[in-house]
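Participant: model this:
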Amino acid sequence: MKKLLLLSILAMGFSNAQFFESPEKFTKTDSLKGSNTNFRNFWDVKKYDIVLEPNFEAKSIKGSNRITLQIEKDVKNPTFQIDLQSPMKADKIKASFPITNQKVDGDFIFLATKKNFKKGEKFTIDIDFSGNPVIAKHAPWDGGWLFNKDKNGNPWMTVADEGIGASIWLPTKDIWSDEPDNGITFKIITPKDLVGVAGGRLIKQENIGDKKAWNWEVKNPINDYSIIPSIGKYVNFKDTFDGEKGKLDLDYWVLDYNLDKAKKQFEQVKPMLKSFEHWFGPYPFYEDSYKLVESPHLGMEHQSNVAYGNHYGNGYLGNDISGTGIGLRFDYIIIHESGHEWFANNITAKDQADMWVHEAFTDYSETLYVESLWGKADADKYLQGLRDKIANDKPIIGQYGVRNEGSGDMYFKGANMLHTIRTVINNDEKFRQILRGLNKDFYHQTVTTQQIEKYFSDKSGIDLSSIFDQYLRTIKIPTLQYKQTGNQLTYKWTNVIPNLKFPIRLADGQELKPTEEMQTINLKSDKPVEFNKNYYIEVKQLY
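Facilitator: Next comes the predicted model:
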């Protein structure tokens, strides 16, 4: 969740002005970062084997990455693109195929070869790297490394790079659509009195002179921005959760002086996992365990390595983002960032423009968690409370192929869109099975918006395409204008896309099928009409 800062900003309030920002201008560099170019589209990453050693005093890092890859189609004399952002440098590059030309151009390394490749062949590229990486000014939002100290003066280091990309420090194929299918190994070398934590499971500890090496392994595919080291004066405690696929190992790494606080606050994990497995299906990474790691920034959804920095309190830094009081019943960072294990880590958008797939579903996971623990009335109240934070500044979907995110409305507006769709489907069990089906049928895959939209329509038996268009691709909030005379109701849509197919169910169950033309129906009674508040629409009475 890169845009956690959005919550703080939105709390100040926005008008609901309907306007688009000026079109953003993109460069060749943006396209090279965000597109599946001819330098990328012929090879698939199978595994990363990473070694990393940070130097706290120098604020520098050094290490290596072995990229194991497979050729996806027959190709002659190709050029491989490896991403490594300045000021980081590749000190040595070696491949299991002949490199005829090696060129560094800005944030990219291009490796040319005169070899002809056949589909299915496997090769390796080994890269030694070093340098002083970009330092985050306000992580996790701006991206970069953190060389902090804990309250006892011990070094405390990590990185956050969802938006800017893992190549800010690590040489990779830095595009969301290509995750290493066979996972990673990650060796973190630290001073002897510190601990190095990464995703997956700790498979070995080594003493290397006056240093220590912490060897971790992730067996599942993993998005590049989840490949995160955390180094600090950590202590560890463990637990297990009896889940749908058996015993899930729970692994907690916190600063030594926060152990007691963590043991109390992290009691929220098991009820959260029970809720999310009910709604979304089994936790997607049983092989790699579930992990919370204390971080010097607020939080991020790193796969099987969730960064936690909410200071062991409920709410979002002690605040309720819904304004209802319900948000103070749970730790926002534990719940939200863990929800990303299903949406962002299990199901990952191929392109950053479709980041709503991560954030809308995960923001809605908070509502589902509230429903599991305190009932649907409180869940509806919590969800509706988020609407005041919606800006409607630009469409939720960004520009494709240039690492561009859409509006921050992908959080609150996205969650309200999903709640609206749930209300249209009008069958909570069917809705739940759709959510579970997504996580089963797209298990450990990267997806597009169109795949998610089609899945919802196919599984619900309702054409929801125009509803997705309305909320994802415009800033217009449907407005239902109506006039009631006795038991007669006259109504129509305004502020909608053409041919919006969006039935509205009144509080008494009677269904309307609004269009942009006025219609009149007879109501069941002459009592003032009540509209279901779970639709994210505006209702305007005409006199």
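Participant: Run a quick neighbour tally on Ile189.
Facilitator: 19 (other CB atoms under 10 Å). Glycine gets a C-beta too; all of them are placed from N, C-alpha and C.
Participant: host element of it?
Facilitator: strand 184-191 (DSSP states H and E).
Participant: again with Ile421
Facilitator: helix 412-425.
Participant: Gly385 now?
Facilitator: Using DSSP H and E, Gly385 falls in helix 376-385.
Participant: Now do that helix against helix 412-425, angle only.
Facilitator: Taking axes from the mean of the first three to the mean of the last three CA atoms, to 10 degrees, one finds helix 376-385 and helix 412-425 inclined to each other by 140 degrees.
Participant: And the contacts of helix 376-385?
Facilitator: Residues from elsewhere that reach helix 376-385 (CB atoms under 8 Å, 6 or more residues apart in numbering): 322-324, 326-327, 364, 366-368, 370-371, 415-416, 419, 533-534.
Participant: got a winner among these for most neighbours?
Facilitator: Highest count within the contacts of helix 376-385 by other CB under 10 Å belongs to Ala415, 28 neighbours.
Participant: looking at it, that one is touching Trp356, isn't it?
Facilitator: No: counting by CB atoms under 8 Å, Ala415 stays clear of Trp356, with 10.0 Å between them.
Participant: Need the pLDDT of the residue lying farthest from the centre of the chain.
Facilitator: Ranked by distance from the centre of the chain (CA atoms, centre = their mean), the top residue is Gly486, with 49.1 Å. In this model, Gly486 is scored at 96, pLDDT.
Participant: and what of Ala507?
Facilitator: At Ala507, the model reports a pLDDT of 89.
Participant: and the closest residue to it other than its chain neighbours, how many residues sit next to it?
Facilitator: Leaving aside its sequence neighbours, Ala507 sits nearest to Glu530 (CB to CB, 6 or more residues apart in numbering; 3.7 Å). When neighbours are defined as other CB under 10 Å, Glu530 has 9 of them.
Participant: Doesn't Glu337 belong to a strand?
Facilitator: No: counting by DSSP: H, G, I helix; E, B strand; the rest coil, Glu337 falls outside a strand, being helix.
Participant: my read: it touches Asn310, true?
Facilitator: No: contact criterion CB under 8 Å: Glu337 and Asn310 do not qualify, at 9.2 Å.
Participant: Look up the closest residue to the residue farthest from the centre of the chain, ignoring the ones flanking it.
Facilitator: Asp526 (4.6 Å).
Participant: Which parts of the stretch 1-150 of the chain are strands?
Facilitator: For the stretch 1-150 of the chain, the strands defined by DSSP state E, counting those that start in this stretch cover 43-55, 60-71, 75-76, 79-83, 89-95, 101-105, 108-112, 116-117, 122-131, 144-149.
Participant: In the sheet, which strands lie alongside the third one, parallel or antiparallel?
Facilitator: Using DSSP bridges, the strands paired with strand 75-76 are strand 116-117 (antiparallel).
Participant: Now find how far off-centre the partner strand is within its chain.
Facilitator: For strand 116-117, the separation from the chain centroid amounts to 36 Å (computed by CA atoms, centre = their mean, to the nearest Å).
Participant: Start the count at 19 instead of 1 going forward.
Facilitator: Yep, numbering from 19; the last one is strand 134-135 now.
Participant: Now do the same for that strand: mean pLDDT, whole number.
Facilitator: 98.
Participant: So which residues lie in contact with it, not counting its own?
Facilitator: Phe60, Ile89, Asp92, Val93, Lys94, Asn95, Pro96, Phe115.
Participant: same thing but 10 Å
Facilitator: Applying CB atoms under 10 Å, 6 or more residues apart in numbering, the contact partners of strand 134-135 are Phe60, Trp61, Ile89, Glu90, Lys91, Asp92, Val93, Lys94, Asn95, Pro96, Phe115, Phe141.
Participant: which non-adjacent residue is nearest the last one?
Facilitator: This means Phe141. Nearest non-adjacent residue to Phe141 (CB to CB, 6+ apart): Ser114, at 4.7 Å.
Participant: Can you verify my assumption that the one you found contacts Ile143?
Facilitator: Yes: when contacts are counted by CB atoms under 10 Å, Ser114 is listed as touching Ile143 (7.7 Å).
Participant: Need the overlap of contacts for the two.
Facilitator: Arg84, Thr86, Leu87.
Participant: Not counting its neighbours along the chain, what's nearest the last one?
Facilitator: Just to be clear, that refers to Leu87. Nearest to Leu87 is Trp61, by CB to CB, 6+ apart, at 4.8 Å.
Participant: any weak-confidence spans in this protein?
Facilitator: Flagging of the chain using pLDDT under 70 yields the residue ranges 19-41.
Participant: how about the helices in it?
Facilitator: Ranges of helices in the chain, per DSSP state H, are 23-28, 46-52, 277-283, 287-298, 350-357, 374-392, 394-403, 430-443, 446-459, 467-478, 483-491.
Participant: Let me know which of those is the nearest to Lys263.
Facilitator: helix 287-298 (8.8 Å; CB to CB).
Participant: Per the annotation, how does this protein divide into domains?
Facilitator: 20-43+361-491, 497-559 (automatic domain parsing).
Participant: so how far is the longest one from its chain's centroid?
Facilitator: Just to be clear, that refers to domain 20-43+361-491. Distance, centroid of domain 20-43+361-491 to centroid of chain: 11 Å (CA atoms, centre = their mean).
Participant: again with the shortest one
Facilitator: With CA atoms, centre = their mean as the basis, domain 497-559 stands 35 Å off its chain's centre.
Participant: sorry, back to before: with Pro532 as the reference, name the closest of the strands of the stretch 19-168 of the chain.
Facilitator: When the strands of the stretch 19-168 of the chain are compared (using CB to CB), the closest one is strand 61-73, at 47.1 Å.
Participant: Would you mind measuring from the residue farthest from the centre of the chain to Val547?
Facilitator: 11 Å (CB to CB, to the nearest Å).
Participant: what's the overlap in contacts for these two?
Facilitator: In contact with both Gly504 and Val547: Leu541, using CB under 10 Å, 6+ apart.
Participant: excluding its backbone neighbours, what's nearest Lys368?
Facilitator: Ser195 (4.0 Å).
Participant: Thank you, goodbye.
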